[in-house]
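*Asks:* I'd like to go over a predicted model; first the sequence, then the structure.
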Amino acid sequence: MSKFKGQKGQAVSESSRWREDEMRESKWMQFPREVLIGNDVLKETPAVLQKLKLTGKTFIVTGKNTAGVAGNDVAALLEKEKNECYIYKSEKATLEEVEKIEAAAKEFKPKCFLGVGSGRSIDLAKLASKRCDIPFISVPTAASHDGIASSRASIHSDEKSESYAAQAPISVIADTGIISQAPFRLLAAGCGDVISNCTAVLDWELASRHQNEPFSESAALMSKMSAEMIMGSADLIRPGLDSSARMVVKALVLSGIAMSIAGSSRPASGSEHMFSHALDRIAKKPALHGEQCAIGAIMMMYLHGGDWEKIRSALIQIGVPTSASEMGIADEEIIDALLLAHTIRPERYTILGTGLTPSAAEKVAAVTKVIQ
Ligand SMILES: NC(=O)C1=CN([C@@H]2O[C@H](COP(=O)(O)OP(=O)(O)OC[C@H]3O[C@@H](n4cnc5c(N)ncnc54)[C@H](OP(=O)(O)O)[C@@H]3O)[C@@H](O)[C@H]2O)C=CC1
Ligand SMILES: O=C(CO)COP(=O)(O)O
Ligand SMILES: [Zn+2]
């Protein structure tokens, strides 16, 4: 068995090479402290704030739809307990929006931030709270993405999609009564986001082998486990069921924790996410993040030479779109996104390498039945 020098100079067998990261001397990781998952847990929000000694003033970042779903209710619950709330309705997860929130919060001087809503609202609250050095609580209204519990914030602009080091939520309050009543498409998208961890981890392993990129076996295992949890229970994920919402939320939390362990979005974001970010830029009407990542995962698994049909079957069973037409995206936009994807995060080594040729892009999309 060949040997190479580990980070501290000691010889490490190749079979344990991927464990090198686990042997680092120190690493700073953040995880949520109070995690509430269940029907009607929203009403516990004032108690959570009290337990964490964060009562007083609360800055709530929510969205246009989700204000009515939960944002206003949370504010009412807190105000009943003599907390003052500032409600900020946001639209896009951009750096400009983070700056606006930060400025409003500096005036209001809250004790904590709440992100109540979709991925966008949670990411904005997460990054703005980090910049204000104030704790943040994640209150998802849909299980549509694995940023619910992660310490990362995905911020987008016309030119790029970046993953910022933010902070892990001090608490996650996931009311499955609300989440199970959200449009099923959102829950299915969350399953797609987690299933796409399969290819993200393969890309990370590739980067570890080809470029000696730091790799965390525990983060990778956790990420794969969350994907397997969903694929193995695909038959149990149904609209309107509290049990389905609970299952998906737990997998999303696990996947978010994997990112916090890695200290990057690597365990949950590889070539399939680069494809999705490219599609966000190219498509006239992009689909949901998790839907696009799921389709990306089918195609990237084909490129890895893995079992893409297994991923496709699980997605079909759950009800996640597996073709461009089901997502409402033109076939040409899929090809263009495949050709652009490798440029999205050039520093992130993946199976896309320096890019696909147009004929290779057409082939992967056609063979995997993403385009007709
Ligand atoms: N930080 C991280 O680690 C991660 C971040 N992400 C990011 O998260 C985002 C994707 O999140 P996602 O939630 O899929 O998409 P969006 O943030 O785009 O939200 C999708 C839509 O769902 C609506 N919605 C949410 N909950 C409900 C509900 N209960 N009832 C009715 N409508 C509802 C939202 O309304 P409203 O307009 O009120 O918001 C919004 O219009 C992307 O920006 C992605 O990059 C994804 C994964 C990981
Ligand atoms: O979406 C993510 C994991 O599901 C992570 O986000 P990025 O692709 O922005 O790093
Ligand atoms: Zn994602």
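*Replies:* Thanks, I have the structure now. Only a predicted model underlies this, so the values are computations on that prediction, with no experimental measurement involved. Ligands and ions are numbered 1, 2, ... in the order given.

*Asks:* what's the neighbour count on residue 290?
*Replies:* Neighbours of residue 290 under the rule other C-beta atoms under 10 Å: 28. (Each C-beta comes from the backbone N, C-alpha and C, glycine too.)

*Asks:* residues touching it, list them.
*Replies:* For residue 290, the contacting residues are 144-145, 188-194, 196, 320, by C-beta atoms under 8 Å, 6 or more residues apart in numbering.

*Asks:* which strand residues bridge residue 163?
*Replies:* residue 154 (DSSP bridges).

*Asks:* quick check, it in contact with residue 153.
*Replies:* Yes: assessed by C-beta atoms under 8 Å, residue 163 is found in contact with residue 153 at 7.4 Å.

*Asks:* neighbour count winner among the two?
*Replies:* Shown here are residue 163 and residue 153; by other C-beta under 10 Å, residue 153 has more neighbours (26 against 21).

*Asks:* touching, that one and residue 127? I think so.
*Replies:* Yes: between residue 153 and residue 127 there is a contact under C-beta under 8 Å: 4.0 Å.

*Asks:* overlap in contacts, these two.
*Replies:* Common neighbours of residue 153 and residue 127 (C-beta under 8 Å, 6+ apart) are 164, 166.

*Asks:* would you say residue 116 is within a strand?
*Replies:* Yes: per DSSP: H, G, I helix; E, B strand; the rest coil, residue 116 lies within a strand segment.

*Asks:* that one: what's it in contact with?
*Replies:* 60-62, 66-67, 70-71, 74, 139, 141.

*Asks:* need those in JSON lines with secondary structure, can you?
*Replies:* Output for these, formatted as JSON lines (three-state DSSP):
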{"residue": "60", "secondary structure": "strand"}
{"residue": "61", "secondary structure": "strand"}
{"residue": "62", "secondary structure": "strand"}
{"residue": "66", "secondary structure": "helix"}
{"residue": "67", "secondary structure": "helix"}
{"residue": "70", "secondary structure": "helix"}
{"residue": "71", "secondary structure": "helix"}
{"residue": "74", "secondary structure": "helix"}
{"residue": "139", "secondary structure": "strand"}
{"residue": "141", "secondary structure": "coil"}
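
*Asks:* quick check, nearest of those residues to residue 82?
*Replies:* Closest approach to residue 82 among the contacts of residue 116 (C-beta to C-beta): residue 74, at 14.8 Å.

*Asks:* the closest one: how many residues sit nearby?
*Replies:* Counted with other C-beta under 10 Å, the neighbours of residue 74 add up to 26.

*Asks:* so it touches residue 42, yeah?
*Replies:* Yes: counting by C-beta under 8 Å, residue 74 touches residue 42, with 6.6 Å between them.

*Asks:* between the two, which contacts overlap?
*Replies:* residue 139.

*Asks:* quick check: closest non-adjacent residue to residue 265.
*Replies:* Nearest residue to residue 265 in three dimensions, chain neighbours excluded: residue 163, at 4.4 Å (C-beta to C-beta, 6 or more residues apart in numbering).

*Asks:* oh, I was asking about residue 190
*Replies:* Residue nearest to residue 190 in three dimensions, not counting chain neighbours: residue 143, with 4.1 Å by C-beta to C-beta, 6+ apart.

*Asks:* any idea of the pLDDT on that neighbour?
*Replies:* Looking at residue 143, its pLDDT stands at 98.

*Asks:* do residue 262 as well
*Replies:* Residue 262 carries a pLDDT value of 96.

*Asks:* neighbours of it, just the number please.
*Replies:* Counted with other C-beta under 10 Å, residue 262 comes out at 26.

*Asks:* separation between it and residue 269?
*Replies:* From residue 262 across to residue 269, the span is 10 Å (C-beta to C-beta, to the nearest Å).

*Asks:* same deal with residue 53?
*Replies:* For residue 53, the distance to residue 269 (C-beta to C-beta) stands at 34 Å.

*Asks:* which bits of this protein sit near ligand 1?
*Replies:* Contact residues, the chain versus ligand 1 (C-beta under 6 Å from any ligand atom): 63-66, 69, 93, 117-121, 123, 141-142, 144-147, 150, 152-154, 178, 182-183, 186, 189, 193, 259, 265, 288-290.

*Asks:* now, which of these lie within helices?
*Replies:* Judged by DSSP state H, the residues of the chain next to ligand 1 include 66, 119-121, 123, 178, 186, 189, 193, 259, 289-290 as members of helices.

*Asks:* do stretch 82-94 and ligand 2 meet at all?
*Replies:* No: shown here: stretch 82-94 not in contact with ligand 2 (C-beta under 6 Å from any ligand atom), separated by at least 9.7 Å.

*Asks:* quick one: distance of that stretch to the chain centre.
*Replies:* Centroid separation between stretch 82-94 and its chain, computed with C-alpha atoms, centre = their mean, to the nearest Å, is 21 Å.

*Asks:* could you give the average pLDDT over it?
*Replies:* 95.

*Asks:* and it, end to end?
*Replies:* End-to-end distance for stretch 82-94, by C-alpha to C-alpha, to the nearest Å: 32 Å.

*Asks:* other residues contacting it?
*Replies:* 46, 49, 55-64, 67, 71-72, 74-75, 78-79, 97, 101, 104-105, 108, 110, 119-121, 123-124, 153-157.

*Asks:* near ligand 2, from those residues?
*Replies:* residue 154.

*Asks:* can you flag the buried ones in the contacts of stretch 82-94?
*Replies:* Neighbour-count burial (16 or more other C-beta atoms under 10 Å) applied to these gives 46, 49, 55, 57-63, 67, 71-72, 74-75, 78, 97, 101, 105, 110, 119-121, 123-124, 153-156.

*Asks:* what parts of the stretch 201-350 of the chain come near ligand 2?
*Replies:* Going by C-beta under 6 Å from any ligand atom, the residues of the stretch 201-350 of the chain near ligand 2 are 265, 268-269, 273.
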